[in-house]
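*Asks:* quick one: sequence and predicted model below, then my questions.
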Amino acid sequence: MPIPEAYAIFEPNLRKLPYPEFYLVLSDSADALEVHHFFKDNWESYVPNFLNLRGHVTKMKEYGVGADRGDREMKALRDQVRARAELDILLIINYVVMRALEKQDPTLLQNTGLPLKENKPTRSSSRIAPVTVPVVLMAKHKRTRLGIESGTVILAGKHVKKGGPYRKLPRQVDIS
């Protein structure tokens, strides 16, 4: 059974975030979880907590100084800490959702500072009836090394990208 929509509000995939934004997400989450009305007193010891998130930010910033100067070892260390931080934030998201499901209270998910899913806009083209768009065709004789090949024509068409269905042009083109 999938997680109900009211509880599936967090974005667990943070791999695409650049380091400064990732630091901000971890810091905001740590600050919010530390003072959250429910989670500040109801946190299990086996789940990473706000102190772990702050530690990750500190280490990544420390290693980032060397990594930004081109030190490969520091870059590898920073990447290792980031991988652990991504795992920890995923565990925290799962724990928070699990506790909210247990209490049957989706309002517990509010004010946690955890990254929220962005509502992706749907394509408007799927909702609106498509408008037909004419295809512009150009005709020319086929050329070979010996000249123009008799009785052969090449048609090349241009159309609007994602323009929908196409219709014939109402006029005739003279190829003579």
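*Replies:* Nice, I can see it.
*Asks:* helices or strands next to the longest helix along the chain in the packing?
*Replies:* Looking across the chain with DSSP state H, the single longest helix is helix 72-103. The helices and strands touching helix 72-103, judged by 3 or more Cβ pairs under 8 Å, 6 or more residues apart in numbering; DSSP states H and E, are helix 19-35, helix 50-68. In this view, the C-beta of every residue, glycine as well, is placed from N, C-alpha and C.
*Asks:* what comes up buried for the shortest one?
*Replies:* Neighbour counts over helix 19-35 (16 or more other Cβ atoms under 10 Å) mark 22, 23, 25, 26, 27, 29, 30, 32, 33, 34 as buried.
*Asks:* can you list contacts of that helix?
*Replies:* Residues from elsewhere that reach helix 19-35 (Cβ atoms under 8 Å, 6 or more residues apart in numbering): 14, 17, 39-40, 43, 49-51, 53-54, 56-57, 60-61, 64, 78, 82, 85, 89, 92, 111-115.
*Asks:* any of those buried? List them.
*Replies:* The neighbour-count test (16+ other Cβ under 10 Å) marks 14, 17, 39, 43, 49-50, 53-54, 56-57, 60, 64, 78, 82, 85, 89, 92, 112-115 as buried among the contacts of helix 19-35.
*Asks:* one step back: quick one: buried residues of the longest helix of the chain?
*Replies:* 74-75, 77-78, 81-82, 84-86, 88-89, 92-93, 95-97, 99-101.
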